[in-house]
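**Student:** got a predicted structure plus its sequence, pasted below:
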Amino acid sequence: MDKAYFHFHAELNYFLPRKQKNAVIEHLFTWRASIKDMIESLGVPHAEIELIIVNGVSVDFAYIVQPDDQIEVYPRWDAVSLDPRLSLRPPRPEPARFVLDVHLGRLAAYLRMGGFDTLYRNDYDDEELAQISSSESRILLTRDIGLLKRGMVIYGYFMRETNPRRQLEEVAHRFDLFQSVIPFKRCMKCNGLLAPVAKELILDQLPYGTSEFYDVFHRCQSCDQIYWKGAHYQRMQELMNQVLKSDGD
């Protein structure tokens with residue numbers, strides 16, 4: 001029986017059993033397999049990996065594991081200084097765009113509040129999520145590790161946190177969103193783009209008394225939802241400010 005030796009770095013250890021975390025894993029195998037398949041058999045989804053080094057050489061996901069290979073797996077492209085380094089996927093489009101699974105509805109609203117193009121429906125199935133992520137080059141955020149192992153998923157991340165506020169912080173740090181926040185750009189309900197709208201055009205759509213206290217309004221160009229800087233906006237703005245202050249913490 002052949003052996004290969006795997007060492008997973010940094011946050012990739014999250015996916016490993018306690019005894020294998022931050023340790024060299026002696027992996028026995030009797031079949032010919034790509035390094036992608038073998039890594040995922042150990043529990044780590046390919047979508048979170050940016051660099052693989054075998055015996056000191058950068059390789060891609062198609063590499064066939066050989067007996068006695070020494071394999072280092074990293075979550076970040078710039079984890080080590082090595083030339084050349086093979087890219088495991090195309091550069092991620094900027095600004096970052098997202099699609100979220102059914103468990104992350106509140107996070108979707110928060111990301112939209114920050115101006116990020118975020119697709120979410122509570123009836124997306126796994127096939128749809130993987131397809132959207134692939135065809136539209138969106139980062140798939142999920143609480144389903146198996147979903148990130150689907151071959152068509154190019155960009156993806158498993159949410160470690162379960163609290164929506166902390167999830168927002170987690171995503172902001174992982175994808176460096178701190179300089180890209182644009183409030184009042186997207187609708188929190190449908191992800192449509194917002195545009196300024198004259199108050200006199202929407203008076204009949206405003207709650208009683210609102211027009212007396214506010215003069216600046218935005219309307220979603222997709223679903224016609226109206227927004228203004230009321231108490232709800234203030235609470236959301238405070239949340240975003242708290243998350244932005246966590247940059248570098």
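**Tutor:** That came through fine.
**Student:** alpha carbons only for contacts and neighbour counts from here, please
**Tutor:** Fine.
**Student:** just give me the neighbour total for residue 84.
**Tutor:** 9 (other CA atoms under 10 Å).
**Student:** so what are the domain limits for this protein?
**Tutor:** 2-74, 98-182+231-245 (automatic domain parsing).
**Student:** and these as a markdown table, adding mean neighbour count and distance to residue 221?
**Tutor:** Output for the domains of the chain, formatted as a markdown table (neighbours: other CA atoms under 10 Å; distance: least, CA to CA, whole Å):
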| stretch | mean neighbour count | distance to residue 221 |
| --- | --- | --- |
| domain 2-74 | 17 | 33 |
| domain 98-182+231-245 | 18 | 14 |
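**Student:** ranked by average pLDDT, which of these falls at the bottom?
**Tutor:** Lowest mean pLDDT within these: domain 98-182+231-245, at a mean of 92.
**Student:** do a quick rundown of the strands in this structure.
**Tutor:** With strands called from DSSP state E, the chain shows them at 2-8, 24-29, 51-54, 57-59, 70-74, 98-100, 118-119, 139-142, 156-158, 194-197, 217-220, 226-227.
**Student:** out of the domains of the chain, nearest to residue 88?
**Tutor:** domain 2-74 (5.6 Å; CA to CA).
**Student:** for that closest one, measure first residue to last.
**Tutor:** 23 Å (CA to CA, to the nearest Å).
**Student:** now swap in stretch 40-51 and tell me
**Tutor:** Start-to-end, stretch 40-51 (CA to CA) is 14 Å.
**Student:** touching that stretch from outside, list them.
**Tutor:** The contact list for stretch 40-51, computed with CA atoms under 8 Å, 6 or more residues apart in numbering, reads 12, 15-16, 36, 39, 58-59, 73-77, 79, 85-89, 145-146, 148-149, 153-157.
**Student:** then stretch 75-88?
**Tutor:** Applying CA under 8 Å, 6+ apart, the set of residues contacting stretch 75-88 is 9-12, 48-51, 57-61.
**Student:** ok so, going back, let's have the strands of the chain in JSON lines, adding distance to residue 176.
**Tutor:** Converted to JSON lines, those look like this (distance: least, CA to CA, whole Å):
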{"stretch": "strand 2-8", "distance to residue 176": "23"}
{"stretch": "strand 24-29", "distance to residue 176": "30"}
{"stretch": "strand 51-54", "distance to residue 176": "19"}
{"stretch": "strand 57-59", "distance to residue 176": "25"}
{"stretch": "strand 70-74", "distance to residue 176": "18"}
{"stretch": "strand 98-100", "distance to residue 176": "14"}
{"stretch": "strand 118-119", "distance to residue 176": "16"}
{"stretch": "strand 139-142", "distance to residue 176": "13"}
{"stretch": "strand 156-158", "distance to residue 176": "14"}
{"stretch": "strand 194-197", "distance to residue 176": "24"}
{"stretch": "strand 217-220", "distance to residue 176": "27"}
{"stretch": "strand 226-227", "distance to residue 176": "27"}
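**Student:** out of these, which is closest to residue 242?
**Tutor:** Of the strands of the chain, the one closest to residue 242 (CA to CA) turns out to be strand 118-119, at 20.7 Å.
**Student:** which other helices and strands contact the closest one?
**Tutor:** strand 98-100, helix 105-113 (3 or more CA pairs under 8 Å, 6 or more residues apart in numbering; DSSP states H and E).
**Student:** any chance of those in CSV, with distance to residue 237 too?
**Tutor:** Shown next, in CSV, are the helices and strands packed on strand 118-119 (distance: least, CA to CA, whole Å):
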stretch, distance to residue 237
strand 98-100, 21
helix 105-113, 9
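**Student:** quote the end-to-end distance of stretch 153-160.
**Tutor:** 19 Å.
**Student:** got the CA positions of stretch 96-109 in PDB?
**Tutor:** Taking Å, rounded to 0.1, in the frame of the first residue of the first chain, the C-alpha atoms of stretch 96-109 are listed here in PDB:
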ATOM      1  CA  ALA A  96     -16.500  40.500  -5.100                       C
ATOM      2  CA  ARG A  97     -20.000  39.100  -5.900                       C
ATOM      3  CA  PHE A  98     -21.700  36.500  -3.800                       C
ATOM      4  CA  VAL A  99     -24.400  33.800  -3.900                       C
ATOM      5  CA  LEU A 100     -25.500  32.400  -0.500                       C
ATOM      6  CA  ASP A 101     -27.200  29.100   0.600                       C
ATOM      7  CA  VAL A 102     -30.600  28.900   2.300                       C
ATOM      8  CA  HIS A 103     -29.100  29.200   5.800                       C
ATOM      9  CA  LEU A 104     -27.600  32.600   5.300                       C
ATOM     10  CA  GLY A 105     -30.600  34.900   4.700                       C
ATOM     11  CA  ARG A 106     -29.600  37.500   7.300                       C
ATOM     12  CA  LEU A 107     -26.000  37.600   6.100                       C
ATOM     13  CA  ALA A 108     -27.300  38.200   2.500                       C
ATOM     14  CA  ALA A 109     -29.300  41.300   3.800                       C
END
